[in-house]
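In: One predicted model, sequence on top.
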Amino acid sequence: MTSEWRRRDGRIGVLTGAGISTDSGIPDFRGPRGVWTKDPIAELLSTYDSYLADPELRQRSWLARRDNPAWQARPNAAHAALVELERAGRAVTIITQNIDRLHQRAGFAADRVIEIHGNMFEVVCVECDYQTTMAATLDRVAAGEADPPCPSCGGVLKAATIMFGQQMDRRTTVAAALAAQTSDIFLAIGSSLQVEPAASMCAIAVDAGADLVIVNAEPTPYDSMATEIVREPIGTAVPRLVAEILG
Ligand code: NAD
């Protein structure tokens, strides 16, 4: 393990996962208090084929979206530290698996955040080009439509997120891979690195010569590629690492 990576100039790529938002009150999926760890059936809510096939599951999904703690969540010290890194003049691109927009709400430049799994603030139709806001759709749910259909074609509506089994947006994936490939330092923060192709951004960065630094409480499949592994809680680890990089 070397601390030299802190002194590298150049581009910084950051891959974030649900673990960066747990301090903001949004549970992760696979951590010890994760949504799926506590209720494995909840995984079906994020599975595309089950969602399309099962109206009852969709009703449950709309309620889960309504009750998502992310609506009330505020960015935490780790989100703020990444903003500081950018404002200090470093070229930083965030590839986030999160759908909560907390990086942007912390003040990180929206055009430097790649939402590789989409976001929870927009709604799309699976059949046609119809798009609307989550707020407008949740108003329909509150008014009594338990599984609101597309007003344009009658198709199934869903959050603008990428579910398991759903095709990733090609342009977004290519942009993420390019950001990884051109990084000199690549920080993977708060992800179990079990979801592909998001996790493989770590390998793309390392293959192109970046130092990989993993900040996560639990081991990941990419630990053997890392220059440094940080097990300290994200809320203190990320501000400390940013201070050391800027130091
Ligand atoms: P994950 O749940 O698989 O893994 C999160 C990891 O973060 C775990 O290994 C956990 O130990 C670690 N962790 C949690 N809090 C931590 C802390 N304070 N300090 C150190 N480590 C901590 O999450 P993932 O890899 O992002 O994959 C889950 C998928 O679910 C993603 O694709 C994402 O789209 C989605 N998701 C998003 C949100 C969100 O937007 N906030 C929340 C849950 C799930």
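Out: Received it, and whenever you're ready, just let me know what you need. Residues are numbered from 1 along each chain as shown.

In: make it CA atoms for all contacts and neighbour counts henceforth
Out: Noted.

In: which residues sit in contact with Glu86?
Out: Val92, Phe108 (Cα atoms under 8 Å, 6 or more residues apart in numbering).

In: Which element, helix or strand, includes it?
Out: Assigned by DSSP states H and E, Glu86 belongs to helix 77-87.

In: Okay, now stretch 64-84: how far is its last residue from its first?
Out: 33 Å (Cα to Cα, to the nearest Å).

In: which bits of the protein sit near the ligand?
Out: Of all the residues in the chain, those in contact range of the ligand (Cα under 6 Å from any ligand atom) are 17-19, 21-23, 26-31, 97-100, 117, 190-193, 216-218, 233-234.

In: circling back: partner strands of the very next helix or strand once past the helix holding Glu86, parallel or antiparallel?
Out: Per DSSP H and E, helix 77-87 leads on to strand 92-96 as the next helix or strand towards the C-terminus. Strand 92-96 has its sheet partners listed here by DSSP bridges as strand 12-16 (parallel), strand 113-115 (parallel).

In: Show the residue spans covered by the strands in the chain.
Out: For the chain, applying DSSP state E gives strands covering 12-16, 92-96, 113-115, 118-125, 131-133, 157-161, 185-189, 211-215, 228-230.

In: Residues touching the third one, excluding its own?
Out: Meaning strand 113-115. Outside of strand 113-115, the residues within contact range by Cα under 8 Å, 6+ apart are Thr93, Ile94, Ile95, Thr96, Gln97, Asn98, Ile99, His103, Gln104, Thr172, Ala175, Ala176.

In: want to throw the residues you listed into a markdown table with pLDDT?
Out: Below are those laid out as a markdown table (pLDDT from 0 to 100):
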| residue | pLDDT |
| --- | --- |
| Thr93 | 98 |
| Ile94 | 98 |
| Ile95 | 98 |
| Thr96 | 98 |
| Gln97 | 97 |
| Asn98 | 97 |
| Ile99 | 97 |
| His103 | 98 |
| Gln104 | 98 |
| Thr172 | 97 |
| Ala175 | 98 |
| Ala176 | 98 |
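
In: Which among these count as buried?
Out: Among the contacts of strand 113-115, those scoring as buried are Thr93, Ile94, Ile95, Thr96, Gln97, Asn98, Ile99, His103, Gln104, Thr172, Ala176 (criterion: 16 or more other Cα atoms under 10 Å).

In: Output the lowest mean pLDDT helix or strand found in this protein.
Out: The weakest-scoring helix or strand in the chain, judged by mean pLDDT, DSSP states H and E, is helix 35-38 (a mean of 78).

In: Any buried residues in that one, and which?
Out: So helix 35-38, judged by 16+ other Cα under 10 Å, has buried residues Val35, Trp36.

In: Outside of that helix itself, which residues are in contact with it?
Out: With Cα under 8 Å, 6+ apart as the test, helix 35-38 has contacts from Pro27, Asp28, Phe29, Arg30, Gly31, Ala42, Glu43.
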